[in-house]
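Asks: Please find the sequence and the predicted model below.
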Amino acid sequence: MSIYIGNLSYEVTQDDLNSVFAEYGSVKRVHLPTDRDTGRPRGFAFVEMNDETEEAAAIEALDGAEWMGRDLRVNKAKPREENRGSSSGGRRNRY
């Protein structure tokens with residue numbers, strides 16, 4: 001399972017996240033999505049840790065905590081939905 005971290009500063013790096021979450025256990029992976037057009041972080045990230053006990057400790061400690069001038073939202077990541085709809089607002093392409 002992975003952890004969702006929201007309301008991140010746009011200045012945050014993968015190394016920053018790795019350092020913070022390493023205080024609660026072994027970090028397996030950090031994913032910091034960036035905007036396709038600007039290359040700037042999108043304000044959220046995902047962190048995978050070695051076990052659920054470590055994840056629970058990180059979530060408990062960091063959810064609502066102030067970091068880099070922002071109040072973090074930290075919780076278990078929800079599985080990605082396969083069909084998230086189209087970018088045309090649900091209209092079908094008629095071509």
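Replies: Here it is on my side, so go on. Numbers count the residues shown, from 1 in each chain.
Asks: just the helices in this protein please.
Replies: Per DSSP state H, the chain carries helices over the ranges 14-22, 52-62.
Asks: how about those, which one is nearest residue 36?
Replies: Residue 36 lies closest to helix 14-22 among the helices of the chain, at 17.9 Å (CB to CB). The way it works is simple: take the backbone N, C-alpha and C, and place the C-beta from them, glycine included.
Asks: if we can go back for a sec, quick one: which of the helices of the chain is nearest residue 45?
Replies: Closest approach to residue 45 among the helices of the chain (CB to CB): helix 14-22, 5.7 Å.
Asks: Save the helices of the chain as TSV, and put in distance to residue 5 and mean neighbour count too.
Replies: Shown next, in TSV, are the helices of the chain (distance: least, CB to CB, whole Å; neighbours: other CB atoms under 10 Å):
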stretch	distance to residue 5	mean neighbour count
helix 14-22	7	16
helix 52-62	8	16
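Asks: right, so of those helices, which gets closest to residue 1?
Replies: Proximity to residue 1 (CB to CB) singles out helix 52-62 among these, at 6.5 Å.
Asks: Now do the closest one and helix 14-22, the angle between them.
Replies: With axes from the mean of the first three to the mean of the last three CA atoms, to 10 degrees applied, the angle from helix 52-62 to helix 14-22 works out at 100 degrees.
Asks: how close does residue 26 sit to residue 1?
Replies: Distance from residue 26 to residue 1, counting by CB to CB, to the nearest Å: 14 Å.
Asks: follow-up on the earlier one: ok, which of the helices of the chain comes nearest residue 38?
Replies: The closest of those to residue 38 is helix 14-22. By CB to CB, the value is 17.3 Å.
Asks: What is the burial count for residue 27?
Replies: Around residue 27 there are 21 other residues, counting by other CB atoms under 10 Å.
Asks: Show me the beta-bridge partners of it.
Replies: Under DSSP bridges, the beta-bridge partners of residue 27 are residue 49.
Asks: Surely it and residue 49 touch.
Replies: Yes: counting by CB atoms under 8 Å, residue 27 touches residue 49, with 5.8 Å between them.
Asks: and for those two, which residues touch both?
Replies: residue 21 (CB atoms under 8 Å, 6 or more residues apart in numbering).
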